[in-house]
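J.: Okay, structure incoming, though there's no sequence with it:
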Ligand code: FEO
Ligand code: CA
Ligand code: CA
């Protein structure tokens with residue numbers, strides 16, 4: 001979440017409780033009072049029982065979860081369970097190269113320094129093993145906090161300041177070495193690299209070279225400068241990293257009036273930027289002067305972390321929207337499937353399916369699998385009250401030029417335009433408006449897909465966001481996790497069955513209402529706004545939060561943002577760690593032996609809330625990658 005785009009939880013007039021909400025209330029209160037056993041037998045009645053079982057059986061003790069839960073916390077520390085230890089791997093401003101400047105506590109690092117330092121606000125990350133003693137960690141640097149970065153707190157921005165901010169965005173590639181003291185970052189490592197808002201990149205896929213991507217600096221529409229607001233991530237089995245551009249719109253603005261097209265409006269693009277002020281000093285970001293520059297952002301970018309000289313590639317076939325992560329799985333038939341969320345209230349969940357098949361024996365042949373395929377968007381049909389569990393079915397709607405109304409009379413004149421304006425195409429084909437889709441994660445051994453729907457204060461309030469499908473609560477301040485299974489178990493299937501793995505809530509503030517959450521939420525594990533998720537090899541689902549950390553009102557007792565661990569089979573959820581003041585927990589990567597877990601702490605002390613994480617005392621708060629191990633050297637989570 002950008003410093004300029006807060007999760008305002010302001011009160012709205014309470015809408016009338018529609019029939020659907022009443023139904024959800026009935027379901028939830030019944031489940032809560034029936035208890036596990038009764039609910040389980042009710043759930044088992046239904047044909048989608050493998051999906052339904054989880055929430056109902058929440059009180060079972062899970063064999064997968066072997067650690068002691070940590071309590072909620074408002075302290076300025078990073079707390080892990082007894083028997084675990086957490087160390088700092090790297091923080092914003094740390095030198096990335098042996099001869100780079102170190103972080104300056106007095107705020108005097110230059111733009112040139114920042115280009116050779118770890119970026120700010122680390123987010124999604126992936127680990128690429130090299131051998132037993134070395135690995136590459138690719139980490140997104142989503143944005144920066146002007147109020148912490150600059151002594152003027154962003155109020156007197158200069159060109160140098162803008163360049164420094166641009167240098168703090170993007171991706172960091174880190175060489176890790178396994179030593180007697182555990183994994184460490186190596187400043188001398190051969191893979192170290194900074195990719196930032198001015199790094200040359202290539203455009204590929206159907207939108208490459210399209211007129212909407214052409215600018216005066218790049219009449220070809222094929223050569224882009226930079227990536228920013230890199231939220232979450234993905235990785236491919238052919239060894240590349242996927243970084244996802246999220247709130248790109250906020251970096252563009254204009255000092256004069258500009259005509260905003262409906263397509264621009266749908267992406268939140270307007271003369272008023274989000275506060276970054278780049279367009280005041282770098283005319284590339286001035287909409288009036290370079291109206292197509294903004295179309296060159298909002299993509300998934302593929303990076304080869306093994307080659308620091310490689311050119312990152314924006315893969316237009318995966319669509320342009322506010323990308324969260326890119327969860328890639330190889331279907332049984334070899335086609336590449338990528339699940340994608342678009343994080344905005346009322347936007348959609350997408351799926352890409354490659355035309356060609358993955359070839360494990362020829363890595364070079366896989367390089368362009370993300371250029372040629374079909375992008376789909378999800379329609380979740382409304383769930384029915386099946387007595388216990390909210391569930392339903394759904395379908396993947398293809399976004400193909402010339403089909404299903406994606407035609408010139410509706411404003412689409414090519415496949416490139418369908419992809420550049422994917423949000424408009426999704427609406428045209430009838431996609432379901434969701435509660436801010438964040439990360440998607442696929443279970444390691446079952447064809448089950450999980451997606452966090454983080455929250456949506458507009459649900460049931462905005463006209464275009466009625467209660468629908470898994471978006472079952474009006475004024476949804478807590479969020480939920482939906483999951484689905486392809487109808488025949490193949491990720492390429494056209495249809496799926498869905499249910500809710502959890503509804504976050506606050507059972508002490510809202511007992512007996514849908515806002516208490518599902519039966520697997522209790523006063524000991526409650527949280528709000530699930531965001532990052534990922535599975536370990538054994539099938540534990542790790543859940544990270546980016547929510548309201550006020551610990552008051554609707555959020556009383558939930559404390560700072562946190563990371564939890566769930567057993568998808570039983571539905572049990574246990575809190576694994578808590579973050580420092582005003583931080584978000586985001587980004588996770590395991591070493592292959594599952595004994596080291598890297599976790600991101602983002603924006604501690606944002607809005608000058610007084611954190612001094614990670615160094616304590618009077619130190620500047622800095623986003624950091626933390627490294628978690630067990631004192632006995634065991635596998636994380638067991
Ligand atoms: Fe960068 Fe949707 O979180
Ligand atoms: Ca978020
Ligand atoms: Ca996120």
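T.: Now that the structure is in, tell me what you want to look at. This is a predicted model, so every value here is computed, not measured. Numbering: from 1, shown residues only. Ligands and ions are numbered 1, 2, ... in the order given.
J.: Which helix or strand contains the residue of the stretch 351-500 of the chain found nearest ligand 1?
T.: Distances between the stretch 351-500 of the chain and ligand 1 by CB to the nearest ligand atom are smallest at residue 438, namely 5.0 Å. In this view, the C-beta of every residue, glycine as well, is placed from N, C-alpha and C. Using DSSP states H and E, residue 438 maps to strand 437-442.
J.: and the next helix or strand after that strand, how far from the chain's centre?
T.: Under the assignment DSSP H and E, the closest C-terminal helix or strand after strand 437-442 is strand 449-453. Computed by CA atoms, centre = their mean, to the nearest Å, the chain-centroid distance of strand 449-453 equals 10 Å.
J.: What helices and strands are in contact with strand 449-453?
T.: strand 335-342, strand 437-442, strand 480-486, strand 530-535 (3 or more CB pairs under 8 Å, 6 or more residues apart in numbering; DSSP states H and E).
J.: Residue 231: which of those is closest?
T.: Comparing those against residue 231 with CB to CB, the closest turns out to be strand 437-442 (8.6 Å).
J.: And whichever helix or strand residue 243 is part of, what does it pack against?
T.: Assigned by DSSP H and E, residue 243 belongs to strand 241-245. Helices and strands touching strand 241-245, by 3+ CB pairs under 8 Å, 6+ apart, are strand 122-131, strand 134-141, strand 170-179, strand 230-235, strand 300-303, strand 323-330.
J.: Quick one: work out the angle between the fourth one and strand 170-179.
T.: Just to be clear, that refers to strand 230-235. In terms of direction (axes from the mean of the first three to the mean of the last three CA atoms, to 10 degrees), strand 230-235 departs from strand 170-179 by 50 degrees.
J.: What are the contacting residues of strand 230-235?
T.: By CB atoms under 8 Å, 6 or more residues apart in numbering, the residues outside strand 230-235 that reach it are 123-126, 128, 138, 140-142, 169-171, 241-247, 300-301, 323-328, 338, 343, 438-439, 532, 586-587.
J.: Just the buried ones from those?
T.: Among the contacts of strand 230-235, those classed as buried by 16 or more other CB atoms under 10 Å are 123-126, 128, 138, 140-142, 169-171, 241-247, 300-301, 323-328, 338, 343, 438-439, 532, 586-587.
J.: before we move on, the earlier item: make a markdown table from the helices and strands packed on strand 241-245 and add mean pLDDT to it.
T.: Converted to a markdown table, the helices and strands packed on strand 241-245 look like this (pLDDT from 0 to 100):
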| stretch | mean pLDDT |
| --- | --- |
| strand 122-131 | 98 |
| strand 134-141 | 99 |
| strand 170-179 | 98 |
| strand 230-235 | 98 |
| strand 300-303 | 98 |
| strand 323-330 | 98 |
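J.: and the ones you listed as CSV, adding distance to ligand 2?
T.: Below are those laid out as CSV (distance: least, CB to the ion, whole Å):
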stretch, distance to ligand 2
strand 122-131, 9
strand 134-141, 12
strand 170-179, 18
strand 230-235, 7
strand 300-303, 17
strand 323-330, 8
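J.: can you list those in CSV and add distance to residue 553?
T.: Output for those, formatted as CSV (distance: least, CB to CB, whole Å):
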stretch, distance to residue 553
strand 122-131, 27
strand 134-141, 32
strand 170-179, 37
strand 230-235, 27
strand 300-303, 37
strand 323-330, 27
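J.: if we compare those strands, which one ends up closest to ligand 1?
T.: strand 230-235 (3.3 Å).
J.: Let me know the secondary structure of residue 417.
T.: Judged by DSSP: H, G, I helix; E, B strand; the rest coil, the three-state class of residue 417 is helix.
J.: Let me know how buried it is, in neighbour terms.
T.: 22 (other CB atoms under 10 Å).
J.: And residue 330, by the same measure?
T.: With other CB under 10 Å as criterion, residue 330 counts 18.
J.: And for the one 3 residues further on?
T.: For residue 333, the neighbour count with other CB under 10 Å is 10.
J.: ok, now residue 137?
T.: When neighbours are defined as other CB under 10 Å, residue 137 has 26 of them.
J.: Next: residue 255.
T.: Considering only other CB under 10 Å, residue 255 is surrounded by 12 other residues.
J.: Spit out the contact partners of it.
T.: Residue 255 sits in contact with 271, 279-280, 286, 288, where contact means CB under 8 Å, 6+ apart.
J.: can we see that at 10 Å?
T.: 271, 279-280, 286-289 (CB atoms under 10 Å, 6 or more residues apart in numbering).
J.: if we can go back for a sec, turn the helices and strands packed on strand 449-453 into TSV, columns for mean pLDDT.
T.: Below are the helices and strands packed on strand 449-453 laid out as TSV (pLDDT from 0 to 100):
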stretch	mean pLDDT
strand 335-342	98
strand 437-442	98
strand 480-486	98
strand 530-535	98
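J.: nearest to residue 379, of those strands?
T.: strand 480-486 (11.7 Å).
J.: Relative to the closest one, what are the paired strands and their orientations?
T.: strand 449-453 (antiparallel), strand 495-503 (antiparallel) (DSSP bridges).
J.: and among those strands, the most buried is which?
T.: Per residue and on average, the most neighbours among the strands paired with strand 480-486 fall to strand 449-453, with a mean of 27 (mean count of other CB atoms under 10 Å).
J.: Does that one reach ligand 2?
T.: No - Strand 449-453 stays out of contact with ligand 2 when judged by CB under 5 Å from the ion, the minimum separation being 8.8 Å.
J.: Stretch 574-587 too?
T.: No - judged by CB under 5 Å from the ion, stretch 574-587 stays clear of ligand 2, getting no closer than 6.8 Å.
J.: roughly how far is that stretch from the heart of the chain?
T.: Chain-centre distance of stretch 574-587: 15 Å, with CA atoms, centre = their mean.
J.: who's in contact with the host helix or strand of residue 314?
T.: Residue 314 belongs to strand 313-315 when elements are defined using DSSP H and E. Applying CB under 10 Å, 6+ apart, the external contacts of strand 313-315 come out as 201-205, 207-208, 213, 222, 224, 227, 240, 242-243, 245, 296-304, 320, 326, 338, 352, 367-371, 373, 419.
J.: What's the separation between the residue in the chain positioned nearest to ligand 2 and residue 452?
T.: Closest approach of the chain to ligand 2 (CB to the ion) occurs at residue 546, with a separation of 3.7 Å. Plainly put, residue 546 is 9 Å away from residue 452 if you go by CB to CB, to the nearest Å.
J.: any residues in contact with both of those two?
T.: When CB under 10 Å, 6+ apart defines a contact, the residues bordering residue 546 and residue 452 alike are 438, 479, 529-532.
J.: For those residues, work out which two are farthest apart.
T.: The span of those, defined through CB to CB, is set by 479 and 532 at 12.3 Å.
J.: re earlier: can you mark which positions in whatever helix or strand comes next after the strand holding residue 243 are buried?
T.: Counting by DSSP H and E, the element after strand 241-245 in chain order, helix or strand, is helix 262-266. For helix 262-266, burial by neighbour count (16+ other CB under 10 Å) applies to 263-264, 266.
J.: pLDDT below threshold where in this structure?
T.: The chain contains residues with pLDDT under 70 at 1-60, 384-389.
J.: Do a quick rundown of the helices in it.
T.: 19-44, 49-56, 111-114, 146-149, 159-168, 262-266, 415-420, 422-429 (DSSP state H).
J.: Many thanks, have a good one.
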